[in-house]
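> give me the fold of what follows.
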Amino acid sequence: MINIYKKTLKDSELKNLKNFEEGSWVSVVNPNIDEIKILEKKLDLDLTIVEDALDENEISRIEKNGEKFYIIIRFPFQSDLNAMTMPLLVAITEDHIVTLCKEKNELIENIIRKGNSFYTTHKTNFILRVILEVFNNYDLHLNKILKDIKIKKINLNKLENKDILFLVQEEETLNDFISSLVPIINNLERVLSGRYIPIYEKDKDMIEDLFMDSKQTLEISKTALKSMKNIREAYSTILTNELNKIMRILTVATIILTVPTIISSIYGMNISLPIQNNSSAFLIIILIIILFSLLFFMIIKKKKWM
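So this is what the prediction gives:
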């Protein structure tokens, strides 16, 4: 699907156009073969880069081909199970700005909703806003993950198998975030050096915000991943400790029960045994069993084996 938007200094709001116009923003979502051909024919986009941007495993990178500038950025979105990242292509041509992604997402929708805050004719400012929106998107997902981590920490003794599975999934998400953020930040530094697109004085405040947000987002991701690993390790330690306690109790119970078992086995044999003719033999044997069991119990208690 191709949508065309435009807003100049004379416009009060973002306009949705039917045809390509100079200074417009072309938003492409999940294009079919015919729409890809239109991008190649009318906007002269590199078909190879367009196809790369539709590959869900494509990494972040930047390219410049003559007057055309391409940057692929991985941004987070919520899938059915958990958050993951997907590539977004931002292309700057002589007359247009183009964004392209494989699936409909909140990132592009947010940019459209904020249409009154930018002009599609200001290409550098637009691409900076897209990158800033990407980092805001990361922050939203990270805040949710951090809240989940806090809840799991509070209820550490009540974690179940489903909670551990959830933590593993969140850990995969954070690894995906970090592996996506590192090349984005590296490419961002290259872009903001001014070698690929012109940097204007009025954009410097946004550039500073981008640098701060990018570093902070990466550090938050690393901290969240470390906390996630600490929770899993703590839970594993708790389980191991509880298992050791149970094994000690069972071992002590086995030792204590071994005494009456041995005595009962001996007096169960069909041979001559001491006090077998005594009318109080049963009571005496029971008392002996109790005394030995108590003796073993006191020894174990003194040794602090349980």
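> may I see the buried residues of stretch 139-146?
Asp139, His141, Leu142, Ile145 (16 or more other CB atoms under 10 Å). Placement of C-beta: from N, CA and C, glycine included.
> contacting residues for the second one?
By that I understand His141. By CB atoms under 8 Å, 6 or more residues apart in numbering, the contact set of His141 is Pro76, Gln78, Ala83, Thr173, Phe177.
> one more time with 6 Å, if that's ok
Residues near His141 by CB atoms under 6 Å, 6 or more residues apart in numbering: Pro76, Ala83.
> where does it land on pLDDT?
Per-residue confidence at His141 stands at 86 (pLDDT).
> which strand or helix spans it?
In this structure, His141 sits in helix 123-154 according to DSSP states H and E.
> so which bits of that helix are buried?
Across helix 123-154, burial judged by 16+ other CB under 10 Å covers 123-135, 137-139, 141-142, 145, 148-149, 152.
> list just the nearest of the buried residues of stretch 139-146 to Ile290.
Nearest to Ile290 among the buried residues of stretch 139-146 is Ile145, at 57.9 Å by CB to CB.
> all strands for the protein, in order.
2-6, 15-17, 24-29, 61-65, 68-78, 83-92, 96-101 (DSSP state E).
> which one of these lies nearest to Ile286?
Nearest of the strands of the chain to Ile286, taken as CB to CB: strand 83-92 at 66.0 Å.
> export that closest one to PDB, keeping only CA atoms.
C-alpha atoms of strand 83-92 as PDB (Å, rounded to 0.1, in the frame of the first residue of the first chain):
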ATOM      1  CA  ALA A  83       8.100  -7.600  21.000                       C
ATOM      2  CA  MET A  84      10.500  -8.000  18.100                       C
ATOM      3  CA  THR A  85      12.300  -5.800  15.600                       C
ATOM      4  CA  MET A  86      11.700  -5.300  11.900                       C
ATOM      5  CA  PRO A  87      13.500  -3.200   9.300                       C
ATOM      6  CA  LEU A  88      12.300   0.200   8.100                       C
ATOM      7  CA  LEU A  89      13.800   1.800   5.000                       C
ATOM      8  CA  VAL A  90      14.000   5.600   4.800                       C
ATOM      9  CA  ALA A  91      15.100   6.900   1.400                       C
ATOM     10  CA  ILE A  92      15.900  10.500   0.500                       C
END
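> what residues does it touch?
45, 53, 56, 58, 69-77, 98-101, 123, 127, 130, 141, 173, 176, 180.
> next, the angle helix 123-154 makes with the helix of greatest length in the chain.
The residue-count maximum for a helix in the chain (DSSP state H) belongs to helix 204-266. Calculated by axes from the mean of the first three to the mean of the last three CA atoms, to 10 degrees, helix 204-266 forms an angle of 20 degrees with helix 123-154.
> list the helices and strands helix 204-266 packs on?
Judged by 3 or more CB pairs under 6 Å, 6 or more residues apart in numbering; DSSP states H and E, the packing partners of helix 204-266 are helix 123-154, helix 161-191, helix 281-303.
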